[in-house]
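A.B. asks: Sequence plus predicted model, see below.
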Amino acid sequence: MPNFFVSRNKKLQSVASLLPGDVMVYSMQDCVVRIQNPADLSRGGTGDFRASMIPPQTFNHTVAQVDATINDYDNINKRNIPLWLNGDYALRYAGIDKRLKDVERMVPQAGLSANGSLVTIILPTAFASGVRRIEASAACREAQVRAGSSVAAFGLNGTVASGQIVGATVTAVTTALAGNRFLPFPKGEVNSTEFHCLIDIKSGDISSLIGTNIGPTK
């Protein structure tokens with residue numbers, strides 16, 4: 001049986017000691033997420049689920065592009081870039097994770113929690129290998145605050161390699177939230193017993209496990 005290791009950014013050195021068959025378990029709060037509704041053509045949707053998947057690639061976002069995208073919420077100028085959010089925040093912003101809905105001041109973006117939406121997740125390994133976040137400028141953030149909003153989204157710079165980015169349906173994420181809390185990413189076929197990684201979807205209660213070996217397990 002494989003061992004399952006919980007990891008966060010500061011614990012990534014444990015990846016080097018993994019044995020064949022061992023699996024990394026990442027906390028959702030350490031991942032970077034973009035949720036896209038393929039039917040929302042005004043915000044980059046294509047109408048096609050597969051065409052909306054974000055593949056491994058090199059991102060070259062600039063601060064100016066991030067600012068322009070934040071300031072053009074409805075993409076009127078048709079120049080918006082795909083912005084990203086911290087994983088746990090993204091699920092709440094999309095209205096998928098409702099555990100804090102009565103205590104957190106947040107209005108979810110309509111349409112993102114639809115079953116046909118795609119959740120793209122960049123693993124912490126990408127940032128350990130050099131990918132950087134490109135934040136909005138101070139002027140942009142201040143303008144949003146004056147307008148009664150805030151800025152949580154950011155762009156990316158660097159190469160996200162194969163194996164550092166995975167995708168899931170909203171249905172799979174909500175199932176994990178309602179069930180055993182782990183979102184599995186099998187190797188190869190969906191029903192494979194070999195895993196590329198697991199993501200702890202309920203990242204808020206993972207602190208007691210950080211950096212520990214929670215296996216072997218079935």
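C.D. replies: Here it is on my side, so go on.

A.B. asks: Going by C-alpha atoms from here, please, whenever you check contacts or count neighbours.
C.D. replies: OK.

A.B. asks: which ones are touching the residue nearest to the spatial centre of the chain?
C.D. replies: The chain has residue 33 as the residue nearest its centroid, 1.9 Å off, counting by C-alpha atoms, centre = their mean. For residue 33, the contacting residues are 84, 85, 86, 87, 90, 119, 120, 121, 122, taking C-alpha atoms under 8 Å, 6 or more residues apart in numbering as the criterion.

A.B. asks: For it, pull up the helix or strand it's in.
C.D. replies: strand 32-36 (DSSP states H and E).

A.B. asks: Counting by contacts, list what the helix or strand just after that strand packs against.
C.D. replies: Using DSSP H and E, the next helix or strand after strand 32-36 towards the C-terminus is strand 57-60. On a contact count with 3 or more C-alpha pairs under 8 Å, 6 or more residues apart in numbering; DSSP states H and E, strand 57-60 meets strand 155-160.

A.B. asks: Who are the packing partners of the strand it packs on?
C.D. replies: strand 57-60, strand 132-134.

A.B. asks: can you give me the offset of the first one from its chain's centre?
C.D. replies: Strand 57-60 has its average C-alpha position 16 Å from the chain's average C-alpha position, going by C-alpha atoms, centre = their mean, to the nearest Å.

A.B. asks: by how many degrees do the helix or strand following that strand and strand 155-160 diverge?
C.D. replies: Beyond strand 57-60 on the C-terminal side, the first helix or strand identified by DSSP H and E is helix 63-71. An angle of 120 degrees separates the directions of helix 63-71 and strand 155-160 when computed by axes from the mean of the first three to the mean of the last three C-alpha atoms, to 10 degrees.

A.B. asks: In the sheet, which strands lie alongside the next helix or strand after helix 63-71, parallel or antiparallel?
C.D. replies: On the C-terminal side of helix 63-71, the closest following helix or strand by DSSP H and E is strand 85-86. Partner strands for strand 85-86, per DSSP bridges, with pairing direction: strand 32-36 (antiparallel).

A.B. asks: mind listing what's buried in the strand it pairs with?
C.D. replies: Applying a neighbour-count criterion of 16 or more other C-alpha atoms under 10 Å, the buried positions in strand 32-36 are 32, 33, 34, 35, 36.

A.B. asks: Residue 130: what secondary structure?
C.D. replies: Per DSSP: H, G, I helix; E, B strand; the rest coil, the local secondary structure of residue 130 is coil.

A.B. asks: Deepest-packed of the helices and strands packed on strand 155-160, please.
C.D. replies: strand 132-134 (a mean of 19; mean count of other C-alpha atoms under 10 Å).

A.B. asks: any idea of the mean pLDDT in that one?
C.D. replies: Throughout strand 132-134, pLDDT has a mean value of 97.

A.B. asks: That strand packs against which elements?
C.D. replies: Secondary-structure packing of strand 132-134 (3+ C-alpha pairs under 8 Å, 6+ apart): strand 155-160.

A.B. asks: neighbours around residue 80, how many?
C.D. replies: Residues near residue 80, counting by other C-alpha atoms under 10 Å, number 21.

A.B. asks: Surely it is in contact with residue 65?
C.D. replies: Yes: checked against C-alpha atoms under 8 Å, the pair residue 80 and residue 65 is within contact range at 7.3 Å.

A.B. asks: about what we covered before: need the helices and strands packed on strand 155-160 in CSV (columns: distance to residue 144).
C.D. replies: Output for the helices and strands packed on strand 155-160, formatted as CSV (distance: least, C-alpha to C-alpha, whole Å):
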stretch, distance to residue 144
strand 57-60, 24
strand 132-134, 17
